[in-house]
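Asker: Using only what follows, build the 3D model:
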Amino acid sequence: MKTLNDKVVVITGAGSGIGRALAVNCAKRGSLLALSDVDEAGLAETVDLVKQAGAKEVRSDRLDVADRAAFQTYATAVAEQFGRVNVIVNNAGVALAGDLNDLSYKDMDWIIGVNFWGVVHGTKEFLPHLIASGDGHVVNLSSLFGLLAMPGQSAYNATKFAVRGMTEALREEMLIAGHNVGVTAVHPGGIKTAIARNARVSEHEDKAATAKLFDEKLARMSPERAAEIIVKGILKNQARVLVGIDAHALHNFQKFTGSRYEDVIATVSKRVLPNKKVV
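Answerer: This is a model prediction of the structure:
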């Protein structure tokens with residue numbers, strides 16, 4: 001895929017953050033867009049922005065990516081409306097902070113439903129259409145935390161490592177089958193989005209302090225810059241796209257130190273992570 005002009009691009013989680021920035025970026029490149037989010041107000045704002053950016057055609061739907069039946073219905077409707085699908089960007093994601101021992105099964109089911117099953121649903125439901133298009137691409141948003149683990153992020157790590165593994169295997173499968181479908185796993189570092197503010201936390205976590213740490217210390221890159229890097233990665237058919245200096249630095253650190261990185265991360269985290277709440 002050398003251009004996104006006149007390509008049908010589907011983006012989940014398009015109501016804010018990276019999803020919104022990707023939608024605007026693709027609109028400027030001449031894409032036809034199918035956008036979805038659970039946040040209808042945010043999605044409506046994105047639709048206005050992509051129209052201002054010159055989108056040729058845009059469809060918007062409220063969609064819970066964890067709802068398999070709803071996703072199946074959605075994929076069918078998108079394919080029928082546009083007649084084809086070229087790109088699926090499985091971007092929708094949520095966060096959950098807390099030590100594994102403190103997390104509830106309910107919250108773990110929630111994050112797995114959105115972050116893992118949502119990506120599986122988007123990939124499986126649109127893959128036949130991408131193959132049929134003769135010029136398709138799957139883009140799955142993993143994370144820097146899909147490359148190395150962090151304390152207090154066990155459930156989030158689990159989903160993002162799973163997305164990475166599934167995506168890399170899918171790329172191999174497409175190559176073996178000879179399908180003209182590119183597959184890219186995206187690993188953003190700290191991007192200025194509301195994911196930490198909208199996260200769930202265990203009863204022992206200070207949500208405000210955790211969000212403040214992310215927003216003030218870790219989130220360095222704008223969603224717009226992240227979107228540009230991701231789109232360039234798609235057009236180069238990169239298997240893996242690292243987004244941000246932090247993603248590159250920590251990925252290289254993990255490769256250099258091997259499993260010893262876990263001891264280093266644990267030591268540093270003791271100094272920087274917010275104190276636990278006494279319940």
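
Asker: Considering only helices and strands, which part of the chain has the lowest mean pLDDT?
Answerer: Sorting the helices and strands of the chain by mean pLDDT, DSSP states H and E puts helix 207-213 at the bottom, at a mean of 90.

Asker: Quick check: next helix or strand after that one?
Answerer: Using DSSP states H and E, the helix or strand that follows helix 207-213 in sequence is helix 223-235.

Asker: I'd like the mean pLDDT over that next one, please.
Answerer: For helix 223-235, the mean pLDDT works out to 98.

Asker: And the contacts of that helix?
Answerer: Residues from elsewhere that reach helix 223-235 (Cβ atoms under 8 Å, 6 or more residues apart in numbering): 1-4, 17-18, 20-22, 24-26, 29, 87, 137, 139, 182, 184, 186, 188, 191-193, 241, 243-244. Every residue, glycine included, has its C-beta placed from N, CA and C.

Asker: buried residues in that helix?
Answerer: If you call a residue buried by 16 or more other Cβ atoms under 10 Å, then helix 223-235 has these buried ones: 223, 226, 227, 229, 230, 231, 233, 234.

Asker: Distance of the residue nearest to the third one when sequence neighbours are not counted relative to residue 275?
Answerer: Translated: residue 227. Leaving aside its sequence neighbours, residue 227 sits nearest to residue 21 (Cβ to Cβ, 6 or more residues apart in numbering; 3.7 Å). With distances taken as Cβ to Cβ, to the nearest Å, residue 21 is found 34 Å from residue 275.

Asker: ranges for the strands of the protein?
Answerer: Taking DSSP state E as the test, the strands found in the chain are 8-11, 32-37, 57-62, 87-90, 96-97, 136-141, 181-188, 200-201, 240-243.

Asker: just to revisit the earlier point, quick one: contacts for the residue nearest to residue 227?
Answerer: Here residue 21 is in contact with 222, 223, 224, 226, 227 (Cβ under 8 Å, 6+ apart).
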